[in-house]
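Visitor: Need a 3D model of the sequence below.
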Amino acid sequence: VVIDRLLAAGASKIALDVDLSSNADPAGDKALADILERAKDRVILPVFEQPTSQGVLKADLLQTMPLEIFRRHAQLGSVNMFPDSDSLVRTHSRVEQWNDSFLATMPALLAGLSLSPAGLYYLDYGIQPTTLPRLHFADVLKGNFDPDAIAGKKIIIGTTSIQLGDLIPTPVYRTLPGPIVQAIAFESIVQNRTLYHSTPLLALGLTLMLVLLLGPKLAKWSWRQGLGVVIGSSCGIFLVSLIVQDHFPFALDTTPLILGTTISYLVSFFLEFDKQTFRLFEQRMTIMQRNAMMKCVVEDSFDGIVIVDKTGHIEMLNSCAATLIGCKADAMRKKQIYSVIPELKAIDITSGETNLQGAILSIDHLAGPYELTLHRKDATQVEVEVVVSKSNLRVNASIFGGRHETRAVYVYTFRDISERKKTQEAQKQAM
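Guide: Have a look, this model is predicted:
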């Protein structure tokens, strides 16, 4: 009755996605056969294959077809689904091999395509199931529908109830009823949205071109610039694929392109990292050698050398200075120089008055040399000549380098002039 009502309303073709491989009551089977005969090949009945055993990896397939009394007056269309390794149905085909010949699929027959072998195409799941017009079976059975909504249309009859279990795992929507997937396959054909993915060879060629284009430039750019280019390129590749797919039935495989760009960046990043590591190691070795050389020069100097920071704390002194002062070098480090050598307070720096802080803050005004008498802890004295100078060190302000600051240090050079003083005193006495 439903088929008669739809044909009477002007449906151009009806696909029945219902298993008719077994007998029901004889009267009902004969009535359906009479309806199919009156339809004159405007009805498509399903054929499909199913495994003979569940849970067996390579089980034999059982071909399921409508009863002979039904199929003699109808077209036969395959409703097989071929899920990917993750069990999701992404592809469909126009024709399938059936025994020793080819059989058109139900969506292809609805679309009116000629029987010609063709490969798999990707379903366009951008076609939203909610946009597909639907009629309830009971409303059609009772005649509660608008015939104008049926006139010239192609109809798929099937179950969409979850309880009946005809659910197909799909991307985007998780699961869809079998008739809805068949309808999406039909719409993909008639809207010229049978998507074809880029071949591995094309994806490899585009990836190599992109790597050859960006690789040398990534090696020259900083890691921040390179990261920005990689993120921008990945977004651009994805956007281009969307534009291409929107205008043409072609899906560009973006994964190899984005992966190739990312790997190029990582390779250039780690190569530059290795170069930076080697340069840092080389610089560190150079600095260590220079420091060792300077330390050796300072330590072997015949003059006593004391280096203090801007607050007057001793940072370094050589053994000659320790001998002149009469203290151990380790005991004097980090101490205020005026607490170690109080005689320095006698130096007149600016206005003829002793100025403890001025000896550091007014170092640019120092003139020398100055002659002092140092009093050692062992009650001995030594005559020395003192020269004070200022040095500005350029040091890194961050452990990552790149930012520098200037730090001032003050160098006190002590020279033992005891023998010279004795000579001068002898000359005076001789005169």
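
Visitor: other SSEs contacting the helix ranked longest in the chain?
Guide: Using DSSP state H, we find that the single longest helix of the chain is helix 255-299. Packing contacts for helix 255-299, counted by 3 or more C-beta pairs under 8 Å, 6 or more residues apart in numbering; DSSP states H and E, involve helix 200-220, helix 223-247. Placement of C-beta: from N, CA and C, glycine included.

Visitor: Now do that helix, average pLDDT.
Guide: Taken as a whole, helix 255-299 has a mean pLDDT of 86.

Visitor: After it, which helix or strand is next?
Guide: As assigned by DSSP states H and E, the chain's next helix or strand after helix 255-299 is strand 304-309.

Visitor: which secondary element of the protein has the worst mean pLDDT?
Guide: Counting by mean pLDDT, DSSP states H and E, the chain has its least confident helix or strand at helix 358-361, which shows a mean of 44.

Visitor: returning to what we had before: what's the offset of the longest helix of the chain from the middle of its chain?
Guide: Distance of helix 255-299 from the chain centroid (C-alpha atoms, centre = their mean, to the nearest Å) equals 24 Å.

Visitor: could you check the angle strand 304-309 makes with it?
Guide: Helix 255-299 runs at 140 degrees relative to strand 304-309, counting by axes from the mean of the first three to the mean of the last three C-alpha atoms, to 10 degrees.

Visitor: now helix 255-299 against helix 223-247, angle please.
Guide: 180 degrees.

Visitor: State the distance from residue 341 to residue 112.
Guide: Between residue 341 and residue 112 the computed distance is 107 Å (C-beta to C-beta, to the nearest Å).

Visitor: related to what we said a few turns ago, nearest to residue 26, out of the helices and strands packed on helix 255-299?
Guide: Closest to residue 26 of the helices and strands packed on helix 255-299 is helix 223-247 (C-beta to C-beta; 51.8 Å).

Visitor: what's the average pLDDT for the closest one?
Guide: Summarised as a single mean, pLDDT over helix 223-247 is 90.

Visitor: Next, the buried residues of it.
Guide: 226, 229, 230, 233, 234, 237, 241, 245 (16 or more other C-beta atoms under 10 Å).

Visitor: same question, stretch 383-393
Guide: 383, 384, 385, 386, 388.

Visitor: Any idea how far that stretch is from the middle of the chain?
Guide: 57 Å.

Visitor: Please shift the residue numbers so they start at 53 in all later answers.
Guide: Taking 53 as the first residue, the last one we looked at is stretch 435-445.

Visitor: Could you pull up the contacting residues of residue 70?
Guide: 98, 209, 210, 211 (C-beta atoms under 8 Å, 6 or more residues apart in numbering).

Visitor: Ok, residue 97 next?
Guide: Taking C-beta under 8 Å, 6+ apart as the test, what residue 97 contacts is 68, 72, 88, 118, 122, 123, 126, 127, 128, 129.

Visitor: Pick the one among the residues you listed closest to residue 203.
Guide: residue 68 (19.5 Å).

Visitor: Dihedrals phi and psi, that closest one?
Guide: Recorded main-chain torsions at residue 68 are phi -100, psi 100, according to degrees, to the nearest 10.

Visitor: Who's the closest spatial neighbour of it, skipping the chain neighbours?
Guide: residue 209 (5.1 Å; C-beta to C-beta, 6 or more residues apart in numbering).

Visitor: Could you list the low-pLDDT ranges of the chain?
Guide: Under the criterion pLDDT under 70, the flagged ranges of the chain are 104-111, 166-171, 398-420, 447-456.

Visitor: Output the longest strand belonging to it.
Guide: Counting residues, the longest strand in the chain under DSSP state E turns out to be strand 433-448.

Visitor: Strand partners (parallel or antiparallel) of that one?
Guide: Here strand 433-448 is paired, per DSSP bridges, with strand 422-427 (antiparallel), strand 456-468 (antiparallel).

Visitor: roughly how far out does that strand sit from the chain middle?
Guide: 54 Å.

Visitor: Now do residue 467 against residue 139, distance only.
Guide: Distance, residue 467 to residue 139, by C-beta to C-beta: 90 Å.

Visitor: and residue 174, which of the helices and strands packed on helix 307-351 is closest to it?
Guide: helix 275-299 (10.0 Å).

Visitor: chain center to that closest one: distance?
Guide: 12 Å.

Visitor: next structured bit after it?
Guide: From helix 275-299, the next helix or strand downstream (DSSP H and E) is strand 302-303.

Visitor: Can you name the residues in contact with that next one?
Guide: 174, 247, 248, 249, 250, 293, 296, 297.

Visitor: Count the neighbours of the second one for me.
Guide: Using other C-beta atoms under 10 Å, residue 247 has 18 other residues around it.

Visitor: excluding its backbone neighbours, what's nearest it?
Guide: The shortest distance from residue 247 to any non-neighbouring residue, by C-beta to C-beta, 6+ apart, is to residue 174 (3.8 Å).

Visitor: Contacts only, for the one you found.
Guide: With contact taken as C-beta under 8 Å, 6+ apart, residue 174 is in contact with 142, 143, 246, 247, 248, 249, 303.

Visitor: burial of the first one, as a residue count?
Guide: When counting by other C-beta under 10 Å, one arrives at 18 neighbours for residue 142.

Visitor: Could you measure from it over to residue 172?
Guide: Shown here: residue 142 relative to residue 172, a distance of 9 Å by C-beta to C-beta.
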